[in-house]
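A.B. asks: coordinates for the following, if possible.
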Amino acid sequence: MIKRSIKQLSEMFQFDQKVLDAFGDTDIQGVCIDTRKLQKGNLFIPFKGEKIDGHTLVKDAFEKGAAAALWEKDVPNPPQDVPILLVESSMEAVQELSKSYRNQLDLKVVGVTGSNGKTTTKDMIAAVLGTGFKVQKTEGNYNNHLGLPLTLLSIEEDTKAVVLEMGMSARGEIEFLTKLARPDIAVITNIGESHLQDLGSREGIAEAKLEIALGLGEEGTLVYFGDEPLLQERLQGSLPYKLQSFGQSENNDVYPVQVDSTADGNHFRVNINPDIEFFVPVMGIHNVMNAISAVIVGSKLGLDLEKIKTGLAGLKLTAMRMEKVAGINGSVIINDAYNASPTSMRAAINLAEEQTGLGKKYLVLGDMLELGDKEKEFHLQTGREIDPEKITEVFTYGERGLWIAEGARERFGEKRVHASLDKEPLIEELKSKVQEKDFILVKASRGMKLEDIVHALESK
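C.D. replies: Residues are numbered from 1 along each chain as shown. Below you'll find the predicted structure:
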């Protein structure tokens, strides 16, 4: 984490210099925005929230051991006789400080964005780089205009590689993040339909995701999903950075030459060295693509393929991303309830359809949010595309889930499709059906909180 004196901080971002006379030699260690998590020596950063103004907690922060605190100039009555750094905006101060700190660090930065799979890909890249470097990564959903600066400020000075997830909901947001982080390598996992409500089209989404390349220098590399025409057509001609593509097509720089899927994950080989078999302990062909991007990143940063193989095999995923959970009565649950779009929903359903050697297979699907004017069409189509020869029954939850059910009934009929606006009857119905070796896929947008269903069905 950042460790600097207040005098050193004065050279990194702007605040009222009067504090230096009395407290210039005071040291801070790390930053904190929540007094419940504050550690001794932290720089406390107050924000004006909808429910509470963080400035009212500054006194409490000092009592808990804060070494210093920011204070916005338009807020009256700052505490006296303690190290208060007066700033115009706490948010801008944190962003400015994190940018300065990142520029002082000697490390490699990998930025990851995409409509789907960016958290899983971040985890894969971190697992790979961890075989050769001290590595840190974005934790939780700290991938926005505040979370990414806080992640940067949490980096230990002897860390040699950091993997940063970059999220967005509007144009310009990733550009801001990537120019703050200055990645050496940027990765775009894919272009889906998330944020159609804000960006209007997949073309708009592609352009927003490509903003990540604006933070690359001349020696930087953009690693991208080459099977996506919207990316290919926008990456033509002379560019101020290098390109490396991955995908299923042989037109890509790196592609799989063999994939064997099992109940424990995927074994695969790639064209750059077909003699080496990689294993990644997560299901779905789309996760082979994510793993290949991690292979490229590891190779670009000097790791040999054997180390990369070791890193992928030891992967630990962030919760609720294709998380395998032991279910009741000896069943298997795949908890993919963190997020959903039509693209990721289709990939997850394909995964379920591909599973063999199991009992009955149940889908539990919920609303996909932020899809804009075409949301009904996307949900209906999701239901229509489910194969009744490969899936036993379909359960849906939520208002938009009713459309998934409507689409599914066109091929499944009435008795094999169950739609609900209440989780409890859905849970009870599943409990009455699930037997040993049955397979349950749970997927929806984060706002639907379908992990409640997972918790109710997991083996205690």
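A.B. asks: please report how far the residue nearest to Gln29 when sequence neighbours are not counted lies from Arg446.
C.D. replies: In this structure, Gln29 finds its nearest non-sequential neighbour in Gly41, 3.8 Å apart by C-beta to C-beta, 6 or more residues apart in numbering. Quick note: C-beta positions are derived from backbone N, CA and C, even for glycine. Per C-beta to C-beta, to the nearest Å, Gly41 is found 34 Å from Arg446.
A.B. asks: what of Ser344?
C.D. replies: 12 Å.
A.B. asks: these two: who's more crowded?
C.D. replies: Higher neighbour count among Ser344 and Arg446: Ser344, with 24 against 15, using other C-beta atoms under 10 Å.
A.B. asks: which residues touch whichever strand or helix holds that one?
C.D. replies: Using DSSP states H and E, Ser344 sits in helix 342-354. Identification of contacts with helix 342-354 by C-beta atoms under 8 Å, 6 or more residues apart in numbering yields 115-117, 190, 192-193, 261, 283-286, 322, 334, 336, 340, 361, 363, 365, 368, 371, 378, 381-382, 385-387, 390-391, 439, 441, 443.
A.B. asks: now the buried members of those.
C.D. replies: Among these, those scoring as buried are 115-117, 190, 192-193, 261, 283-286, 322, 334, 336, 340, 361, 363, 365, 368, 371, 378, 381-382, 385-386, 391, 439, 441, 443 (criterion: 16 or more other C-beta atoms under 10 Å).
A.B. asks: just these: which are in strands?
C.D. replies: 261, 334, 336, 361, 363, 365, 439, 441, 443 (DSSP state E).
A.B. asks: excluding its backbone neighbours, what's nearest Thr318?
C.D. replies: Take Thr318 and drop its neighbours on the chain: the residue closest to it by C-beta to C-beta, 6+ apart is Thr119, 5.2 Å away.
A.B. asks: and the one you found, how far is that from Thr189?
C.D. replies: 10 Å.
A.B. asks: could you do Val295 as well?
C.D. replies: Taken as C-beta to C-beta, the span from Val295 to Thr189 is 14 Å.
A.B. asks: ok, now which ones touch Lys40?
C.D. replies: 29, 64-65, 67.
A.B. asks: 6 Å instead?
C.D. replies: Residues near Lys40 by C-beta atoms under 6 Å, 6 or more residues apart in numbering: Gly65.
A.B. asks: mind checking pLDDT for it?
C.D. replies: The model reports Lys40 with a pLDDT of 97.
A.B. asks: now Gln197
C.D. replies: On pLDDT, Gln197 comes in at 58.
A.B. asks: could you do the one 5 residues further on as well?
C.D. replies: Looking at Arg202, its pLDDT stands at 82.
A.B. asks: who's in contact with it?
C.D. replies: Ile191.
A.B. asks: and it, how far from Pro149?
C.D. replies: Going from Arg202 to Pro149 by C-beta to C-beta gives 29 Å.
A.B. asks: any idea which element the residue nearest to the spatial centre of the chain lies in?
C.D. replies: The chain has Thr119 as the residue nearest its centroid, 2.8 Å off, counting by C-alpha atoms, centre = their mean. Following DSSP H and E, the helix or strand that holds Thr119 is helix 118-129.
A.B. asks: so what's the gap between that helix and the chain middle?
C.D. replies: How far helix 118-129 lies from its chain's middle: 10 Å, per C-alpha atoms, centre = their mean, to the nearest Å.
A.B. asks: can you check stretch 416-427 too?
C.D. replies: 29 Å.
A.B. asks: next: stretch 182-192.
C.D. replies: 12 Å.
A.B. asks: that stretch: end-to-end distance?
C.D. replies: 25 Å (C-alpha to C-alpha, to the nearest Å).
A.B. asks: if we can go back for a sec, dump the ones in strands among the buried ones among the contacts of helix 342-354 to CSV, plus distance to Gly311 and pLDDT.
C.D. replies: Below are those laid out as CSV (distance: C-beta to C-beta, whole Å; pLDDT from 0 to 100):
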residue, distance to Gly311, pLDDT
Ser261, 20, 84
Ile334, 23, 91
Asp336, 22, 89
Lys361, 31, 96
Leu363, 32, 97
Leu365, 32, 97
Phe439, 28, 95
Leu441, 27, 95
Lys443, 27, 95
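A.B. asks: look up the closest residue to Val163, ignoring the ones flanking it.
C.D. replies: Leaving aside its chain neighbours, Val163 sits nearest to Lys137 (4.2 Å; criterion: C-beta to C-beta, 6+ apart).
A.B. asks: contacts only, for the one you found.
C.D. replies: 122, 126, 163.
A.B. asks: what do you get for Ser293?
C.D. replies: Residues in contact with Ser293 (C-beta under 6 Å, 6+ apart) are 121, 187, 223, 246.
A.B. asks: assign a three-state SS to Lys324, would you?
C.D. replies: At Lys324 the chain is in strand, as set by DSSP: H, G, I helix; E, B strand; the rest coil.
A.B. asks: could you measure from the closest residue to it other than its chain neighbours over to Ala291?
C.D. replies: Excluding the flanking residues, the one nearest Lys324 by C-beta to C-beta, 6+ apart is Ile334, at 6.2 Å. For Ile334, the distance to Ala291 (C-beta to C-beta) stands at 17 Å.
A.B. asks: the residue nearest to Gln29: neighbouring residues, count only.
C.D. replies: Around Gly41 there are 17 residues (other C-beta under 10 Å).
A.B. asks: so where is the protein shaky, pLDDT-wise?
C.D. replies: 193-200, 319-320 (pLDDT under 70).
A.B. asks: now do the helices in the stretch 1-150 of the chain.
C.D. replies: Taking DSSP state H, counting those that start in this stretch as the criterion, the stretch 1-150 of the chain contains helices spanning 6-10, 19-23, 58-63, 90-104, 118-129, 147-153.
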